[in-house]
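**Student:** quick one: sequence plus predicted model below, questions after.
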Amino acid sequence: MRRLEHQGKSVFAEAGIPVPPSRLVEVGGPAAAADVDAIAGHVQQAAAELVAAHGADAPVVVKAQVMMGGRGKAGLIKVAQGPNAAEIAGAAAAAARTVVASAAGVGVDLPALLVERGVEIHQELYLSVTADAAAGRFVILACAEGGVEIEELAAQRPEAIHRVSVDPFRGLQPYQARALGFAMGLPKAQAMAFAAIVQKLYQVFRQHDAELAEINPLFVTADGELVAGDAKLMIDDNSLDRQPGYQLQRDQFESDAAFEAAREGIPYVQFDGEISLMCAGAGLTTTVFDLVNLEGGSVANYLEFGGPNYRKAGRAMELCLKNRSSVILVVTFGTIARADVMAQGVVDAIRELKPDRPIVTCIRGTNEEEAERILRDAGLEPLFDTEEAVRRAIALSGGAHGGASTTGPAATSSGASAREARS
Amino acid sequence: MSIFINKETRIVVQGVTGQEGSFWTKHMLDMGATVVAGVTPGKEGQDVHGVPVFHTVAGAVETHAADAAMLFVPPRFTKDAIYEALDAGIRKIVTIADGIPLHDQIQIRAAAQSVGARVVGGNTSGVISPGQSMLGIFPYWIERVYKPGRIGVMTRSGSLTNEVTAMVVREGFGVSTLIGVGGDPVPGSRFAEFLEEYQADDDTDAVVIVGELGGTMEEEVAQAIADGRFTKPLVAFLAGRTAPKGKRMGHAGAIVTGGTGTVEAKIAALEGAGAVVAERPSHVGRLLAERITGGKR
């Protein structure tokens, strides 16, 4: 679960990591539907408060709180400058209008705007804590060049990135944090301040069951202070049982279907093509996704109803029907997820939901003979070869159209083929 | 023969009295596995399909010399259950739990490494040497998938394994040992860690790996081949060659972040080392046949 910048910064600040003073202006919903005048007014007021509290000697930054990266380039972060308090606040209102317009242009939901006091930047650093899968340890990455795409830097100049491997039982040792501070080439006081932030970020990472805790950039100000310029905090979904502070919320997802699927524990990924995948098993579903693309079709959604969800065919089909797909493709090869139960689930779901589009089934595994009988009795044609099922679905969706993976024309009317497939 | 487990492997089932534990203990016995004991705290003295139940793993080991543990324990208790097995001296552990917290996964792998133990999983169907032993939940009764033979299989995925292995069997081959390392970001064991055993096993002629996007396990296999640590034929199928960056495709570990984890990079590494990568599951059997000549299947 990825947290928004302001949520991450609250957690960092609680742990004692310096963050700039800020005010949050709630927006909510799609950026295109936002009340721009009201938002600009709130931002102006927030900026005035910040300036009143901290002085007019620094600009104010207006930052869209969205899940996407590359916000600067997308026009989702704007700086408001001015010679005095009134002009800074006025510029902040104008910046807010620009940022909301940019967000509307990108087409994202905009939960909030963060209005933050700007800092005079002397240097930008990078710092993160994550898991090192191969080593079975935690790892801290730091770099004296912040603000960059760290993976690109890792590929091009790996020597620029300093790594500290942390024993998961001993935890991070103070000497390791200090060594990183000195490796940054910072003067002594700043190196020690950096080391303190490393320790606090590691605590946040461990206490919040994070997949990633990242500060990029970590500013060194003209006064020599260290301040977190951004916050990226991703919480491990598997830990939510023991992290009661975190709950799934609609604004973390890109569609209603994706949010509802997550609440049900059904793995789901939103695309916008023609074929809704309703498959079992992550690897098999991903393989079907590949085959659809390789054969020139396009995927509307990735959905798994295998494993613990194999009795949820009805719910899975409902989620697929929320998309404008033209076919639902069911492919399974299950063990615990018995073929007969899944087939019966699909048949029951069709009876209840009366889908307006054809269903292609390729259901195999435990009790597959019984599954075949159930499907035939219901008037469906059971297929047993995955590639054949994929080609059938593509044909029913209007045929291959050049291998587009995520785009496609709006769903075609498929009532006729639906009757054909079900009669 | 086989690797990791065989007829002589003496299995203790943790969580044996639960619905899943009981159901699969019966299947492990039916397949011929040697299940010597079960563990459910508070239920010592009972039996499950004739398997005696103990309060603790230590008790099961002491009385019945168990040397491998199969866990049917929920994700949030898995770390404790694995520590219990390790502390009782068990060095082969399989967990099917789907949803082990990431930080627990790290500690489980580190704890196993520190005593030289192997933990397989979570988020897997387990390990099977068809006809000999099973620590897991495989539909061994589906003959077109779980036929004994001379091909080693390693996989990150359950249903996809059935799909791919069916193609291996369709070509006339069978399986020596199938190891599901699982779909978690930090699995207890990694592909490359089993290659040495497959290399040494006289009854394994080739290995099939069923990988996917995310992580670096396939690259580690390529490195082992490049280093000459594994010299038998190896055919890979990798899911996610058309997956977009940044989207998590089902498994927690199946995600491309930044530049790492793309199937493209994995294919380049494997092919560069001399392995063959199948574009589709249906190609796997044929590619295997092309690289194995004259051998038994």
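**Tutor:** Sure thing, it's come through. Values in this document were obtained by computation on a predicted structure and should not be read as measured data. Residues are numbered from 1 along each chain as shown, chains lettered A, B, ... in the order given.
**Student:** which non-adjacent residue is nearest residue B:266?
**Tutor:** Nearest residue to residue B:266 in three dimensions, chain neighbours excluded: residue B:218, at 4.0 Å (C-beta to C-beta, 6 or more residues apart in numbering or on different chains). Glycine gets a C-beta too; all of them are placed from N, C-alpha and C.
**Student:** how does chain A divide into domains?
**Tutor:** What automatic domain parsing lists as the domains of chain A is A:21-117, A:121-242, A:255-422.
**Student:** tell me where chain A has helices.
**Tutor:** All helices of chain A, identified by DSSP state H, fall at A:5-14, A:36-54, A:85-106, A:150-156, A:174-183, A:188-207, A:256-264, A:282-294, A:313-321, A:339-353, A:368-377, A:386-396, A:415-422.
**Student:** mean confidence for the third one?
**Tutor:** The reference is to helix A:85-106. Mean per-residue pLDDT for helix A:85-106: 96.
**Student:** list the buried residues for that helix?
**Tutor:** By neighbour count with 16 or more other C-beta atoms under 10 Å in any protein chain shown, helix A:85-106 contains the buried residues A:88-93, A:95-100, A:102-104, A:106.
**Student:** and of these, the nearest to chain B?
**Tutor:** Closest approach between these and chain B, by C-beta to the nearest C-beta: residue A:106, at 15.3 Å.
**Student:** right, and the closest one touches residue A:76 too?
**Tutor:** Yes: the pair residue A:106 / residue A:76 is scored as a contact, 7.4 Å apart, by C-beta atoms under 8 Å.
**Student:** hey, what's in contact with both of those two?
**Tutor:** Shared contacts of residue A:106 and residue A:76, defined by C-beta atoms under 8 Å, 6 or more residues apart in numbering or on different chains, are found at A:66, A:68.
**Student:** out of everything not next to it in sequence, what's closest to residue B:60?
**Tutor:** Leaving aside its chain neighbours, residue B:60 sits nearest to residue B:37 (3.7 Å; criterion: C-beta to C-beta, 6+ apart).
**Student:** next one: residue A:133
**Tutor:** Of all residues not flanking residue A:133 in the chain, residue B:186 sits nearest, at 4.5 Å (C-beta to C-beta, 6+ apart).
**Student:** contacting residues around that neighbour?
**Tutor:** Residue B:186 sits next to A:131, A:133, A:136, B:102, B:105-106, B:109, B:253 when contact means C-beta under 8 Å, 6+ apart.
**Student:** what sits against residue A:126?
**Tutor:** Residue A:126 neighbours (C-beta under 8 Å, 6+ apart): A:141-148, A:150, A:161, A:214-218.
**Student:** by neighbour count, which of these wins?
**Tutor:** Scoring the contacts of residue A:126 on neighbours with other C-beta atoms under 10 Å in any protein chain shown, the highest-scoring entry is residue A:215 at 29 neighbours.
**Student:** quick check: bridge partners of that residue?
**Tutor:** residue A:127 (DSSP bridges).
**Student:** so what's it up against?
**Tutor:** For residue A:215, the contact set (C-beta under 8 Å, 6+ apart) comprises A:12, A:17, A:125-128, A:197, A:201, A:228-232.
**Student:** going by neighbour count, which of those residues are buried?
**Tutor:** Buried members of the contacts of residue A:215, counted by 16+ other C-beta under 10 Å: A:12, A:17, A:125-128, A:197, A:201, A:228-232.
**Student:** among those residues, which one sits closest to residue B:129?
**Tutor:** Distances from residue B:129 to those, taken as C-beta to C-beta, are shortest for residue A:128 (41.6 Å).
**Student:** leaving out chain neighbours, which residue sits closest to that closest one?
**Tutor:** Distances taken as C-beta to C-beta, 6+ apart place residue A:214 nearest to residue A:128, at 3.9 Å, with adjacent residues excluded.
**Student:** deepest-packed of the helices of chain A, please.
**Tutor:** helix A:282-294 (a mean of 27; mean count of other C-beta atoms under 10 Å in any protein chain shown).
**Student:** from the chain's centre, how far out does it sit?
**Tutor:** A distance of 21 Å separates the centroid of the chain from that of helix A:282-294, by C-alpha atoms, centre = their mean, to the nearest Å.
**Student:** and if you look at stretch B:12-24?
**Tutor:** From the chain centre to the centre of stretch B:12-24 is a distance of 19 Å (C-alpha atoms, centre = their mean).
**Student:** how about stretch A:166-183?
**Tutor:** 30 Å.
**Student:** and the closest residue to residue A:378 other than its chain neighbours, what is it in contact with?
**Tutor:** Ranked by C-beta to C-beta, 6+ apart and with sequence neighbours excluded, the top spatial neighbour of residue A:378 is residue A:347, at 4.2 Å. Shown in contact with residue A:347 (C-beta under 8 Å, 6+ apart): A:374-375, A:378, A:380.
**Student:** point out where the chain drops to low pLDDT.
**Tutor:** I went with chain A, as the question did not name one. Scanning chain A for pLDDT under 70 picks out A:402-423.
**Student:** wait, chain B was what I had in mind.
**Tutor:** By pLDDT under 70, the low-scoring segments of chain B are B:1, B:258-259, B:294-297.
**Student:** and the helices in the stretch 151-297 of chain B?
**Tutor:** Secondary structure of the stretch 151-297 of chain B, counting by DSSP state H, counting those that start in this stretch: helices at B:159-170, B:195-200, B:217-226, B:263-273, B:284-291.
**Student:** ranking these by burial, who's on top?
**Tutor:** Stretch with highest mean neighbour count among the helices of the stretch 151-297 of chain B: helix B:159-170 (a mean of 25; mean count of other C-beta under 10 Å).
**Student:** quick one: that one near chain A?
**Tutor:** Yes: judged by C-beta under 8 Å from any C-beta of the partner chain, helix B:159-170 and chain A are in contact via B:159-163, B:166.
**Student:** for these, which one is nearest residue A:116?
**Tutor:** The closest of the residues of helix B:159-170 next to chain A to residue A:116 turns out to be residue B:160 (C-beta to C-beta; 46.1 Å).
**Student:** so that closest one sits against residue B:239, correct?
**Tutor:** Yes: taking contacts as C-beta under 8 Å, residue B:160 lies within contact range of residue B:239: 6.1 Å.
**Student:** which bits of the stretch 301-423 of chain A sit near chain B?
**Tutor:** Residues of the stretch 301-423 of chain A found near chain B (C-beta under 8 Å from any C-beta) are A:302, A:304, A:306-308, A:332-337, A:364-366, A:386-387, A:405-406.
**Student:** and residue B:4, what does it touch?
**Tutor:** B:92, B:118, B:120, B:127, B:129, B:177, B:179, B:194, B:197.
**Student:** pull up the gap between it and residue A:298, please.
**Tutor:** Distance, residue B:4 to residue A:298, using C-beta to C-beta, to the nearest Å: 41 Å.
**Student:** one more: residue A:283?
**Tutor:** Distance, residue A:283 to residue A:298, using C-beta to C-beta: 21 Å.
**Student:** for residue A:309, same thing?
**Tutor:** Separation of residue A:309 from residue A:298 (C-beta to C-beta): 24 Å.
**Student:** between those two, which is the more surrounded one?
**Tutor:** More crowded of residue A:309 and residue A:298, by other C-beta under 10 Å: residue A:298, with 25 against 20.
**Student:** just to check, that one is in contact with residue A:275?
**Tutor:** Yes: using C-beta under 8 Å, residue A:298 makes contact with residue A:275 at a distance of 6.7 Å.
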